[in-house]
Each structure stands twice: as structure tokens, then as C-alpha cells.
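>>> how would this look folded up:
(one chain, ligands or ions: 1)
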Amino acid sequence: MPIALTKSLIFSLGLLPAALLAWQFYRDELGANPIEAITHGSGEWTLRWLLVTLAMTPLKRWSGWSWPVRVRRMLGLFAFFYACLHLMTYLWLDQFFDWPEIWLDILDRPFITVGMLAFVLLLPLALTSNRYSIKKLGRNWKRLHRLAYVIPLLGVLHFVWLVKADLREPAIYALVLAALLAVRLPASRRKEKAKVSRQTAG
Ligand code: HEM
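Below is the predicted model:
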């Protein structure tokens, strides 16, 4: 399939959950608490896109296809888009931009602290996901983008802290994340070994 078509398909898929939420909101089909439904929907989609983004490199390695890495940036930006929707729902519809109250909430509720931290870390990744930044930052770009492993970890922690009792759903995300991190270990070990042997040879 041509890459332009793959990208258009993934772009449409990325917008679909938001469009569905908007449609259900418009049709008053989000249940008794629509704000909660939007918060939960956007939060889960943030986490899903973060994990899908992380899955692209192993998918490329296993399949030999090149498209997974060519759509990675778009997927990461969708994670950011849903994170913005999630945060805006909280700031606007939940807290009515009551900044002192929001600040207290960030300090008082650990799951909000962790969510906020995840968002703050996601921000520089979204802002530097363009070609100009990749060129400008050089090696530091790769270092910065290692945060892509930390952010879903914080996302899972945020979810675990929120549900407390029924851990089944966050446990699924945690397992997927653990699997995605585990498949990357052999590759990063290989890179480390190659670096050490280059240094000792030089
Ligand atoms: C990368 C960042 C984030 C991720 C991945 C994330 C993910 C999630 C997930 C998966 C849920 C649970 C959804 C469910 O119950 O089905 C959730 C709920 C929630 N998140 Fe986040 N979140 C993030 C950032 C934030 C931020 C920055 C805030 C606000 C400052 C926030 C506030 C909330 C609130 C208020 C809930 C619902 C709590 C409740 O049900 O009482 N999240 N989030």
C-alpha cells in the first residue's frame, strides 16, 4: 500500500475516537455524567496511542515493513492530541479554570500529580517532533525522546492510583507496556555492546 494511503488511513483512525465522543456528546448518549465519560475516554485513548506509538519500532523489526516508523510521529501526535483533550476536559469542564483549586488538586491528589507530570513530559516531545528540531538537537533529540518510555509508565501509574480497587484494566495496559519495553531490551543491549567494543577498539 502506498505510504500516503497508509498515513491517511491512520489519520482517519486517529480521529475516530474523538469524533465518536463528540457525536455521542451531541446525541446526549454519554450517560448520566458526560464529563466523566469524556475524561475517561480521552485518558484511555491517550494511553492507547502512547502504547501503539511504542509498538511501531518492534513491528518494523519483526515484519521488515518500513511504514510503522514512518507513521510513528503521527501516532505520537495523536497521543498528544488526546492528552490535550483530556487535560482541557479537566481544566474547563471539571474545574472551570479555577486555577487555585487546580493547583491544590495537583498538589493534593497523587494521581493528578502523576498525570500532570506525564503531560508536562509529553509537551517537549510533541514540540520537537518536527524535522527542524531533529536536525537542531542532533543526539540530544534521541535522548529527549527516550521520555516516550517514561510517559506511558506514568500514565499507567496515574490509572492505577485512580482506580485503587479494581486493577484489572490498568493491569492490561501495564502488561502491554511491560511487553513493549521487554522486546526493546535485546536491541538496546546490542547497541550498548557495540558502543563498548567501539570505545575499546578506539
Ligand atoms: C499523558 C498523560 C495522561 C494519561 C496517559 C492519562 C490517562 C488516564 C486514564 C487511562 C484515565 C482513566 C480512564 C478510565 O477510568 O477509563 C484517566 C483519568 C483521569 N485523568 Fe488522566 N491521563 C493523563 C494526564 C492527565 C492530566 C494532566 C490530568 C489533569 C491534570 C488528568 C486527569 C484525570 C482525571 C480527572 C481522570 C478521571 C478521574 C475520575 O474518574 O475521577 N489526567 N487518565
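>>> can you tell me the average pLDDT over the longest helix belonging to the chain?
The longest helix of the chain (DSSP state H) is helix 168-201. What helix 168-201 shows for mean pLDDT is 84.
>>> buried set for that helix?
By neighbour count with 16 or more other CB atoms under 10 Å, helix 168-201 contains the buried residues P170, Y173, A174, V176, L177, L180, V183. No exception for glycine: its C-beta is placed from N, CA and C like everyone else's.
>>> which other helices and strands contact it?
helix 34-63, helix 147-163 (3 or more CB pairs under 8 Å, 6 or more residues apart in numbering; DSSP states H and E).
>>> just want the angle from that helix to helix 147-163.
If you take axes from the mean of the first three to the mean of the last three CA atoms, to 10 degrees, helix 168-201 sits at 150 degrees to helix 147-163.
>>> wait, does helix 168-201 contact the ligand?
No. Legend: contact between helix 168-201 and the ligand by CB under 6 Å from any ligand atom is lacking; minimum distance shown is 6.6 Å.
>>> what angle do that helix and helix 34-63 make?
40 degrees.
>>> okay if I get the buried residues of helix 168-201 as TSV plus distance to G138?
What follows is those, written out as TSV (distance: CB to CB, whole Å):
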residue	distance to G138
P170	37
Y173	33
A174	34
V176	32
L177	28
L180	26
V183	27
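>>> before we move on, back to that, and the helices and strands packed on helix 168-201 as CSV, adding mean pLDDT and mean neighbour count?
CSV is the format used below for those (pLDDT from 0 to 100; neighbours: other CB atoms under 10 Å):
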stretch, mean pLDDT, mean neighbour count
helix 34-63, 97, 19
helix 147-163, 96, 19
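>>> any chance of these in CSV, plus distance to the ligand?
Formatted as CSV, those follow (distance: least, CB to the nearest ligand atom, whole Å):
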stretch, distance to the ligand
helix 34-63, 3
helix 147-163, 3
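>>> need those in TSV (columns: distance to F96).
Formatted as TSV, these follow (distance: least, CB to CB, whole Å):
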stretch	distance to F96
helix 34-63	11
helix 147-163	21
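>>> check the gap between L77 and the ligand for me.
13 Å (CB to the nearest ligand atom, to the nearest Å).
>>> that residue: neighbouring residues, count only.
16 (other CB atoms under 10 Å).
>>> show me the contacts for it.
A126, S129 (CB atoms under 8 Å, 6 or more residues apart in numbering).
>>> repeat for the one 4 residues further on
By CB under 8 Å, 6+ apart, F81 lies in contact with G14, A18.
>>> per-residue confidence for it?
Reading off the model, F81 has pLDDT 98.
>>> and the angle from the helix or strand hosting it to helix 147-163?
Here F81 sits within helix 72-88, counting by DSSP states H and E. For helix 72-88 against helix 147-163, the angle by the same axes, to 10 degrees is 30 degrees.
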